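Peer 1: Sequence below, structure please.
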Amino acid sequence: MKNPTSNGINGQLLNRAVLVLNANYTPMSICTAQRAICMYVLEKIEVLAMYREQVHSPSVTMDLPSVVKIHDYVRYDNMAIEINRKNILARDEYICQYCNTTNGPLTIDHIIPKVHGGLDIWENLVAACKPCNQKKGDRTPENAKMPLTRIPKRPNRIHYFQRFVKDLQRDWRPYLFMESF
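Peer 2: Residues are numbered from 1 along each chain as shown. Below is the predicted model of the structure:
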C-alpha cells in the first residue's frame, strides 16, 4: 500500500476511522483503516462492514473496512473515558455550560471550586468561556447566580464512540445502540 503520509487518495483512506468490536460484539476501540487492514492480513479480525471505497496496492485491491470484530475475546471491562480537558470539552460539545456560547477559547471550571473541596471528577468539571469562569470565580453556581445549562455526567465509551458516527459511519449505528440491526 502507499505510505499513509503521502497526499494520495490511499493515504487519506487509510486514516479513516474503523470501529473495533470485541469477539462478543461489544465496542472496544476505534483505529485507522490502515491498522484494521494489517489486522485483517494477520487474520486477527473479521470485517463486518465496509466503506464504499477501496484501497489498492500493486497486487491487491481491498474494500476499506468500517466495522471489524476481533477473533479472540479480550477481557476488557473498562468502559470509562479518561478525564482530561479534551474529553470534558467534547462531552460538553465545546459549549460554555453557563451561557451557551461557542465563541472564544473555553476553559475548564470546577462547579464546586477546589478551595471549597471540589474534586477533579466528571460531575464537578464543565466547559466554560473565560468571561463566565472569571465571573463565577471561586463561588458555586448558586452563589454566583449562574445556573448550569445542564448537569454534567460521566460519559462512557459508548457515548465516546457515538460522537464519531457521521454519514460515512452509518454501519456503526447498530453496534453502538443507536438503532436496531
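Peer 1: okay, now the domains of the chain?
Peer 2: 9-78+157-176, 85-144 (automatic domain parsing).
Peer 1: any idea of the pLDDT on the residue of the chain positioned farthest from its centre?
Peer 2: When distances are taken from the C-alpha mean of the chain, Ser59 lies farthest, 34.6 Å away, according to CA atoms, centre = their mean. The per-residue pLDDT reported for Ser59 equals 92.
Peer 1: Name the residue closest to the centre of this structure, please.
Peer 2: Using CA atoms, centre = their mean, the most central residue of the chain is Tyr160, at 3.8 Å.
Peer 1: Report the contact partners of the nearest residue in space to it that is not next to it in sequence.
Peer 2: Closest residue to Tyr160 in three dimensions, ignoring its sequence neighbours and counting by CB to CB, 6 or more residues apart in numbering: Ile81, at 5.2 Å. (C-beta placed from N, C-alpha, C; glycine too.) The contact partners of Ile81, by CB atoms under 8 Å, 6 or more residues apart in numbering, come to Asn87, Arg154, Pro155, Asn156, Arg157, His159, Tyr160.
Peer 1: if I look at Glu142, how far off is Val74?
Peer 2: Here the distance between Glu142 and Val74 works out to 45 Å (CB to CB, to the nearest Å).
Peer 1: ditto for Glu43
Peer 2: From Glu43 over to Val74 the distance is 16 Å, taken as CB to CB.
Peer 1: now the helices for this protein?
Peer 2: 9-14, 33-41, 85-91, 130-136, 141-144, 157-162 (DSSP state H).
Peer 1: for the fifth one, what is the average pLDDT?
Peer 2: Put plainly, it is helix 141-144. Averaging pLDDT along helix 141-144 yields 98.
Peer 1: Render the CA-only coordinates of that helix in CSV, please.
Peer 2: Listed next in CSV are the C-alpha coordinates belonging to helix 141-144 (Å, rounded to 0.1, in the frame of the first residue of the first chain):
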residue,chain,number,x,y,z
PRO,A,141,-23.0,28.4,40.5
GLU,A,142,-25.8,29.1,43.1
ASN,A,143,-23.7,31.7,44.9
ALA,A,144,-22.7,33.3,41.7
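Peer 1: who does Asp63 bridge with?
Peer 2: When assigned by DSSP bridges, Asp63 has beta-bridge partners Gln54.
Peer 1: And the strands in this structure?
Peer 2: Defined through DSSP state E, the strands belonging to the chain, from first to last, are 17-21, 27-32, 45-56, 61-70, 106-110, 125-129.
Peer 1: Out of these, which gets the lowest mean score?
Peer 2: strand 27-32 (a mean of 92).
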